[in-house]
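Undergrad: Any chance you could fold what I've pasted below:
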Amino acid sequence: MESSLNPPSFFKPLIGDFWTKVSIPVEFARRYKEILPGKVCLETESQESWAVKIEQVNERHCFMGGWSEFVKGNQLEEGDFLVFYFVGRSTFRVAIFSMDGCDKGFRFSDVDGIQEPGIDWNFPVKEECGSGDGCDTTSEIPRFSVQLRKYNTYYLFFPVAFVAKTGLRRKSKITLRDPRGRKWPVPIFNRKRPNRVETSTGWNEFLTAQKLFVGSVISLESVPGSDDLFQVKVLENRGNGELLRAVNKTRTGRPRASRACSFPSQCTHKKLHKCFRM
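TA: Here you go, the predicted model:
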């Protein structure tokens, strides 16, 4: 086995039914079959990890059991590009790149002292005070903005700082108020691993009714005086022309893929590590 300075590795563009499984290149599996365990740990640059089983399907070794949680936990989309480094002790380190080539595996929220992008804490509101008490204070209303991507059709992750500020981890359901004043009850789900809070059923219906496009920008802010009401504002609705709406799903509950792979067949990281084609 190669040294830790040059671990065996391979790359995979995410296409087709990547929600349920991803195959390991045949040549990689052939060379390292004896040391590939049945269960591995996938680590990302954010230092989070997922337990995933390697199973054999039609003579191909695939990441399967636990893989869908890895996909969801890292907000992976069709067209994303993953590089797997087998560093030993049943562990793969995974570098994640978006279709534009940018590294999407690292999040600012994972670094102490760095505020998450898209969160605006400086939204002062004057609080009403009782007569004669002489107070005139301001408080910061927690809010954040997000550019919607295709995976947001199914769920929305709340930033860590927003969760802490609003106490979302103690809640099981919130109410979203859209720009027209309509209220939408949306259950939320607390994921202990990874440590996140996300929307559950109800989010898709809310999003479909807003007629938003992929690439649109919305903001969510806590409504003063309410424990679970959040105002949603549409800051920009000029996406790429593809509506975010309810779609048909496969029997596994995952969206069907429709886009062709945009990546060339040659790996562009040859100088950095040892790669194998799919």
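
Undergrad: got the residue ranges for the helices in the stretch 1-150 of the chain?
TA: Listed in chain order, the helices found in the stretch 1-150 of the chain under DSSP state H, counting those that start in this stretch are 26-32, 67-73.

Undergrad: so what does the first one touch, helix or strand wise?
TA: With contacts defined as 3 or more Cβ pairs under 8 Å, 6 or more residues apart in numbering; DSSP states H and E, helix 26-32 has these neighbours: strand 60-63. For the C-beta atoms, the positions are set from N, CA and C on the backbone; glycine is no exception.

Undergrad: Run me through the strand neighbours of the strand it packs on, direction for each.
TA: Strand 60-63 has the following sheet partners, assigned by DSSP bridges: strand 22-23 (antiparallel), strand 49-57 (antiparallel).

Undergrad: So what's the gap between the last one and the chain middle?
TA: Strand 49-57 has its average C-alpha position 19 Å from the chain's average C-alpha position, going by Cα atoms, centre = their mean, to the nearest Å.

Undergrad: List the buried residues of that strand.
TA: Of the residues in strand 49-57, those buried by neighbour count under the rule 16 or more other Cβ atoms under 10 Å are 49-50, 52, 54.

Undergrad: same deal with stretch 83-95?
TA: By neighbour count with 16+ other Cβ under 10 Å, stretch 83-95 contains the buried residues 83-87, 92-95.

Undergrad: thinking again about what came up before, between the strands paired with strand 60-63, which one is nearest to residue 11?
TA: strand 22-23 (11.2 Å; Cβ to Cβ).

Undergrad: from the chain's centre, how far out does that closest one sit?
TA: 19 Å.

Undergrad: What lies in contact with it?
TA: The set of residues external to strand 22-23 that reach it, using Cβ atoms under 8 Å, 6 or more residues apart in numbering, is 12, 14, 57, 60-63, 67, 82, 278.

Undergrad: Quick check: which element contains the residue nearest to residue 145 when sequence neighbours are not counted?
TA: Counting by Cβ to Cβ, 6 or more residues apart in numbering, the nearest residue to residue 145 once its immediate chain neighbours are dropped is residue 219, at 4.2 Å. Element membership for residue 219, per DSSP states H and E: strand 217-222.

Undergrad: Output that strand as PDB, nothing but the C-alphas.
TA: Backbone C-alpha positions of strand 217-222 (Å, rounded to 0.1, in the frame of the first residue of the first chain) are rendered in PDB as follows:
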ATOM      1  CA  VAL A 217     -32.100  34.200  -3.200                       C
ATOM      2  CA  ILE A 218     -34.400  34.100  -0.100                       C
ATOM      3  CA  SER A 219     -34.000  35.200   3.500                       C
ATOM      4  CA  LEU A 220     -35.500  33.800   6.700                       C
ATOM      5  CA  GLU A 221     -35.800  35.900   9.800                       C
ATOM      6  CA  SER A 222     -37.300  35.400  13.200                       C
END
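
Undergrad: would you turn the buried residues of stretch 83-95 into CSV with distance to residue 73 and pLDDT?
TA: What follows is these, written out as CSV (distance: Cβ to Cβ, whole Å; pLDDT from 0 to 100):
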residue, distance to residue 73, pLDDT
83, 18, 91
84, 16, 92
85, 19, 90
86, 20, 88
87, 20, 83
92, 15, 91
93, 15, 90
94, 11, 91
95, 15, 88
